[in-house]
Structure formats: C-alpha cells, structure tokens
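Asks: need coordinates for the below:
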Amino acid sequence: MNRLEMISALSNAFGPSGFEDDVLALVRQFAPKDARMEEDSLRNLYIHRKENTGSRPVVQLDAHSDEVGFMVQAIRPNGTLKYITLGSWVHSNIPAHKVKVRAKDGSLISGVVAAKPPHFMTAEEKTKMPALDEMSIDVGASSPEEARDGFGIRVAAPVAPDVAFEYDEKHDLMIGKAFDNRLGCAAILAAMEALAGEELSVDIVGAMASQEEMGTRGANVTARHVKPDIAIVFEGSPADDTVVEPWLSQTAVHRGPMLRHIDARMITNPRFQRWALDLAEDMRIPVQEAVRTGGATNGAPIHLSNQGVPCIVIGFPVRYIHSHYGIASLADFENGVKLAVEIIRKLDAKVIGAF
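Replies: The predicted structure follows:
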C-alpha cells in the first residue's frame with residue numbers, strides 16, 4: 001500500500017456528514033483483502049481483522065469518515081442556492097471558494113460560494129463578517145427551473161469543498177481538504193496493514209464512524225456494536241502553532257502526533273495515557289501532549305459506552321481544519337501509526353485490566 005496515494009484519494013473523496021458513501025467505497029479498496037467488513041444504516045463501516053478469534057480483548061480503532069460541508073436548503077429566484085452548514089464553520093472562511101454539489105444523478109456539479117461584491121456593499125457591510133444568509137452557492141444557473149432541471153440540483157443536496165490534494169516532498173507538507181478526519185481513516189488502514197499476519201493478544205476492529213462533525217453521532221453506534229475493551233481514536237486535530245504563543249503550542253506540525261489529556265467531553269484515561277506516552281518515549285517516537293479547553297472527538301461516546309472503555313486520542317496536527325484547506329505532515333502521520341502499532345503489539349488482558 002502506498003500510504004501517500006491512499007491519503008490523497010481519501011482526502012479528495014466527497015463525503016460531508018451523512019453522505020460518506022464515496023469514502024467508504026475507497027476504504028474497501030485499501031482495506032486488507034482478507035478482512036471481514038460490514039456496514040450499518042448510518043454508514044458506519046466495520047473492518048474485522050482476519051486473525052480475530054472472538055475470545056480475546058477487543059481493540060477498537062476509531063476514525064470518522066465525514067468532513068465538514070454544506071447542504072442545499074432552497075433555491076433562490078435567481079438560481080443560486082441557499083445552504084446550511086454541516087459541521088462547524090467560521091463564516092468568513094466560506095465565501096470565494098469552489099465547492100461540489102451532488103446532483104440527483106450522482107454527478108458532482110462545480111459551484112462557487114458567492115457573497116455580495118464590494119461594489120454593491122455599503123461602508124458598514126464592508127467592515128463586518130457576512131452572515132450565512134448573505135451568501136449563496138452559484139453553479140451558474142439563472143432560475144430555480146434551470147438549477148433543478150438543467151443542473152439536477154434538489155433540496156437537501158450535499159455539498160463539499162472542491163480541493164485537490166498535493167504533497168510538497170521537500171518540506172514534507174500535505175495540503176488538501178478533509179484531513180479531519182481522512183488522516184484517521186488512513187491510519188486505521190495503515191495500522192491494520194502493518195499488523196497483518198502477526199500473532200497478537202487482542203482482536204482488532206477498525207470502525208469508521210459517520211457524522212462525527214454533527215455531534216459524534218456515528219460513534220455512539222459503533223461503540224455499542226463493537227463493544228471494545230479498549231480504544232484508540234485517530235483524529236485530525238487542530239494545529240495551534242500559528243495561532244498561540246510558542247510556549248503554549250501543544251499541537252504543532254512536524255513535532256509528532258498529539259495525545260490530548262482532556263477536551264470538552266473527555267478526560268483521557270490517565271493510566272492508559274501515561275502508559276502510551278511512556279511507550280512512545282521508550283520507542284523514541286516523537287509525540288506532543290495537549291491540554292485542551294474545547295473540542296471533542298469520538299472518544300467522548302466511546303469512553304462512556306458499555307461499562308466504560310479506556311480510550312486515548314492520537315491526533316495528527318492539521319493547520320486550519322474546518323476550512324477548505326488543511327496543512328499537515330506525512331511524518332506526523334507515520335509516527336502516529338507507528339505508535340498505535342506498538343501499543344497494539346503490547347496490549348493483552350493484563351495490561352488492559354490495569355487501566
């Protein structure tokens with residue numbers, strides 16, 4: 001498996017919350033050929049390792065397959081599309097970018113998120129952030145009839161950013177969309193490939209959850225389905241190295257994956273967290289530790305599921321997530337996968353019981 005090609009394909013895939021089908025189709029192509037896979041009605045995908053016995057502790061590898069996007073709410077008289085957001089966006093980041101709108105025949109229609117040009121703005125309008133209602137998606141139609149009949153656009157059509165992945169090998173920088181959380185999806189696949197054929201003391205289930213950006217909805221179902229004894233959550237995490245003072249930066253690009261101790265919805269199991277951090281130090285895998293005052297991951301529903309599940313988050317630093325473009329490092333990704341693989345190799349019932 002060429003990991004960079006896999007990340008590129010997953011990043012480019014169309015998959016706003018609730019419409020993750022294209023992403024899962026790609027995952028099936030990159031997944032181990034001997035794995036057993038199943039989906040549920042929420043479009044959660046489960047990848048069961050061939051070597052699973054059903055009698056060992058279960059490790060859930062989690063990532064979410066959706067990305068932040070939009071949905072068509074209505075068609076205006078001038079043919080432009082009124083939309084709502086799927087996931088959290090800063091409104092000023094939305095206009096003047098290309099998007100793809102899913103038409104009724106399944107094709108993707110190019111559009112531009114438009115706001116009023118400055119030539120028609122009042123002095124007051126030029127100084128404030130445009131409201132969502134003041135923007136539109138313009139596909140080039142000039143009437144509702146043309147948008148519906150000519151372009152095949154319906155109410156509730158999903159919309160995603162239109163961005164092509166690229167990699168700067170000289171500086172080890174990936175630029176693209178949906179790193180939150182296609183990097184996590186790629187990490188599940190890479191970790192399962194690295195462990196293929198190995199004799200382990202645990203069973204592994206990769207669970208790619210839908211609708212994380214809408215409140216970690218899919219993971220509520222995956223945790224009940226998998227019933228893990230322990231979990232590793234892979235996440236594209238917001239890098240802070242361009243937005244905080246250097247002394248406070250805890251999720252910087254090129255400094256390794258980030259393991260967060262706390263966020264808005266989970267205090268990370270301190271025993272599992274310390275064990276993982278100590279292992280990273282022993283293996284000389286660069287990692288960062290973070291104390292977060294906001295945000296959340298699928299760890300929130302997973303760690304509260306069943307009778308409680310020890311759970312850590314391995315986050316890949318991504319600059320400018322929840323916008324059209326993210327910047328991340330392939331080395332950070334590789335080190336995150338390496339850490340997860342070493343954790344899994346050393347897990348057994350006794351170790352898990354100590355957490």
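Asks: distance check, K98 against D138.
Replies: 11 Å (C-beta to C-beta, to the nearest Å). C-beta here means a position set from N, CA and C on the backbone, and glycine is covered the same way.
Asks: the residue positioned nearest the centre of the chain in helix, strand or coil?
Replies: Note on the chain: the residue nearest the mean C-alpha position is N181, at 1.4 Å, using C-alpha atoms, centre = their mean. Secondary structure, DSSP: H, G, I helix; E, B strand; the rest coil: N181 is helix.
Asks: wait, what's in contact with it?
Replies: For N181, the contact set (C-beta atoms under 8 Å, 6 or more residues apart in numbering) comprises A63, H64, S65, D66, E67, E212, F234, E235, G236.
Asks: same check on V226?
Replies: Y46, V58, Q60, V205, A207.
Asks: restricted to strands, list those.
Replies: Taking DSSP state E, the ones among the contacts of V226 that sit in strands are Y46, V58, Q60, V205, A207.
Asks: just put the residues you listed in CSV and tack on distance to M266 and pLDDT.
Replies: Listed next are those as CSV, based on distance: C-beta to C-beta, whole Å; pLDDT from 0 to 100:
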residue, distance to M266, pLDDT
Y46, 22, 98
V58, 20, 98
Q60, 15, 98
V205, 20, 98
A207, 17, 98
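Asks: and of those, the nearest to P286?
Replies: If you rank the ones in strands among the contacts of V226 by distance to P286 using C-beta to C-beta, Q60 comes first, at 25.1 Å.
Asks: what is the burial count for that closest one?
Replies: Q60: 28 surrounding residues under other C-beta atoms under 10 Å.
Asks: and V159, by the same measure?
Replies: By other C-beta under 10 Å, 27 other residues sit near V159.
Asks: what residues sit buried inside stretch 319-328?
Replies: Judged by neighbour count (16 or more other C-beta atoms under 10 Å), stretch 319-328 contains these buried residues: R319, Y320, I321, H322, S323, H324, Y325, G326, I327, A328.
Asks: now the end-to-end length of that stretch.
Replies: Taking C-alpha to C-alpha, to the nearest Å, the first and last residues of stretch 319-328 lie 7 Å apart.
Asks: how about residues contacting that stretch?
Replies: The contact list for stretch 319-328 (C-beta under 8 Å, 6+ apart) reads 68, 87-90, 93, 97, 161, 163, 173-180, 183, 236-239, 241-242, 253, 316-318.
Asks: run through the residues that contact A290.
Replies: By C-beta under 8 Å, 6+ apart, the contact list for A290 reads S237, Q250, T251, M258, L259, R260, H261, G315.
Asks: pLDDT weak spots in the stretch 1-150 of the chain?
Replies: Low-confidence segments of the stretch 1-150 of the chain (pLDDT under 70): none present.
Asks: run the last query once more with 90
Replies: Applying pLDDT under 90 to the stretch 1-150 of the chain flags the ranges 1, 92, 115-118, 120-121, 123-131, 133-134.
Asks: look at the closest residue in space to M37 that isn't next to it in sequence and say how many residues are nearby.
Replies: Sequence neighbours aside, I47 is the residue nearest to M37 in space, at 5.4 Å (criterion: C-beta to C-beta, 6 or more residues apart in numbering). I47: 21 surrounding residues under other C-beta under 10 Å.
Asks: quick one: contacts for I47?
Replies: Contact analysis of I47 by C-beta under 8 Å, 6+ apart lists V27, A31, P32, A35, R36, M37, I188, M192, V205, G206, A207, M208.
Asks: okay, domains of the protein per the record?
Replies: 3-67+177-353, 69-161 (automatic domain parsing).
Asks: fine, thanks again, bye for now.
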